[in-house]
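Q: I'd like to go over a predicted model; first the sequence, then the structure.
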Amino acid sequence: MTRSESLGREHRVRLPAGEVRYFERGSGAPVVFVHGVLTNAQLWRKVVPDVAAAGFRCVAPDLPLGSHDLPMRADADLSPAGAADVIADLLEALDLRDVTLVANDTGGALTQIMLSRRPDRVGRVVLTPSDCFEYFFPPIFKPLPAIARIPGSMAVLGQLLRFRVLYPLPMLFGWVVKRPLPDDVAQAYLAPLRKSAGVRRDLRKLLRDVHPRHTLAAAEALRTFDRPVLLAWASEDKLFPISLAHRLAALLPDAKLVEIADSYTFVSEDQPAALARHVIEFAGVMAD
């Protein structure tokens, strides 16, 4: 499906796991945006223009997390560690260095796992509300890994997601955005799972292995992560309470916490201008 023109030009890159589509806008120091499960690059469509205009090269990939249009290789490792490697492989394939990573939701968990394994190309990190510690997944989504182990479950899920009456429920978009998503954005997130067996296979690989052991191990490793981290967290978040951000700030050696008001998990949707401003200030100061 099409992505917003605000994300920039579409490109494709071949990685060990398969071909990944990404969007690029602007020039300068690289900022790479990492989305979570059942979203894609569209999540950043309101943030990229401001960050690019401030003098940064913005890269927003469609990662294999259930809303991508290009299924990965059938033998690709898309466990949490494997999905984290896709992020690192993207940075390597594009030869990006001293990168500012901006991550959200499941993408934040994968970013933490990646930083505990392959942090070399990362200069600084912005974590918006994300899975971390024992919240992988948050309580309301805890049944998903068990469901994903049931053959055919992703096909059933894909068909259920056709019903727009479900969108406001907490299990879908009700607790990630304060105001309803535009229908074209919701369809960009949900249609690939319904239409593609390969996308369903990819998502199932990730979901069935989601467990807090991954994020707890990453957190322990990040006690020695010495690069700057900005925690741009929604003070009203229902899925990832602000207390998690305070715990991360206490654990990370060089972390700063800013609270963003009037937003749920998708800060890029609810408060894009505020998030863009924080990213620009953080990446700009740190790059000087």
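A: Now that the structure is in, tell me what you want to look at.
Q: how about low-confidence regions in the stretch 151-288 of the chain?
A: 285-288 (pLDDT under 70).
Q: what ranges does it have for its strands?
A: 229-234, 255-260 (DSSP state E, counting those that start in this stretch).
Q: ranking those strands by burial, who's on top?
A: strand 229-234 (a mean of 25; mean count of other Cβ atoms under 10 Å). (Glycine included, C-beta is placed from N, CA and C.)
Q: and the angle from that strand to strand 255-260?
A: Strand 229-234 runs at 20 degrees relative to strand 255-260, counting by axes from the mean of the first three to the mean of the last three Cα atoms, to 10 degrees.
Q: next, name the residue at the spatial heart of this protein.
A: His35 (2.2 Å; Cα atoms, centre = their mean).
Q: can you give me how far stretch 29-37 is from the chain middle?
A: 7 Å (Cα atoms, centre = their mean, to the nearest Å).
Q: is it true that Ala88 touches Ile113?
A: No. Using Cβ atoms under 8 Å, Ala88 is not in contact with Ile113; the gap is 9.8 Å.
Q: which of the two has more neighbours?
A: Ile113 (27 against 21; other Cβ atoms under 10 Å).
Q: the more buried one and Asp131, how far apart?
A: 10 Å (Cβ to Cβ, to the nearest Å).
Q: what's the overlap in contacts for these two?
A: Thr215 (Cβ atoms under 8 Å, 6 or more residues apart in numbering).
Q: that older thread, so what's the residue nearest to the centre of the chain closest to, chain neighbours aside?
A: Leu43 (4.5 Å; Cβ to Cβ, 6 or more residues apart in numbering).
Q: confirm that the one you found sits in a helix.
A: Yes. Checked against DSSP: H, G, I helix; E, B strand; the rest coil, Leu43 lies within a helix.
Q: let's see the pLDDT reported for it.
A: We note a pLDDT of 98 for Leu43 in this prediction.
Q: can you give me the helices in this structure?
A: Applying DSSP state H to the chain gives helices spanning 48-53, 80-93, 106-117, 144-148, 153-160, 183-195, 197-207, 212-221, 242-251, 267-270, 272-287.
Q: dump the ones you listed into CSV; add distance to Glu19 as well.
A: Listed next are the helices of the chain as CSV, based on distance: least, Cβ to Cβ, whole Å:
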stretch, distance to Glu19
helix 48-53, 22
helix 80-93, 11
helix 106-117, 19
helix 144-148, 24
helix 153-160, 21
helix 183-195, 14
helix 197-207, 11
helix 212-221, 25
helix 242-251, 33
helix 267-270, 25
helix 272-287, 28
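Q: and the nearest residue to Ala17 once chain neighbours are set aside, how many neighbours?
A: Among residues not flanking Ala17 along the chain, Ala76 sits closest, at 3.9 Å (Cβ to Cβ, 6+ apart). Other residues near Ala76 number 20, with proximity taken as other Cβ under 10 Å.
Q: ok, Ala76 to Trp175 distance?
A: 30 Å.
Q: before we move on, what about Leu230?
A: For Leu230, the distance to Trp175 - Cβ to Cβ - is 23 Å.
Q: list the contacts for the residue nearest to the centre of the chain?
A: Contacts for His35 (Cβ under 8 Å, 6+ apart) come out as 41, 43-44, 60, 63, 65, 67, 104-105, 107.
Q: pLDDT at it, what is it?
A: 98.
Q: endpoints of stretch 52-68, how far apart?
A: Length of stretch 52-68, first residue to last, Cα to Cα, to the nearest Å: 23 Å.
Q: what's the average pLDDT for that stretch?
A: Here the average pLDDT along stretch 52-68 is 98.
Q: distance from that stretch to the middle of the chain?
A: Worked out by Cα atoms, centre = their mean, stretch 52-68 lies 10 Å from the chain centre.
Q: in it, which residues are buried?
A: Buried residues in stretch 52-68, counted by 16 or more other Cβ atoms under 10 Å: 52, 54, 56-68.
Q: got it, and stretch 182-195?
A: In stretch 182-195, counting by 16+ other Cβ under 10 Å, buried: 185-194.
Q: what about the stretch 1-150 of the chain, any weak spots by pLDDT?
A: Checking the stretch 1-150 of the chain against pLDDT under 70 turns up 1.
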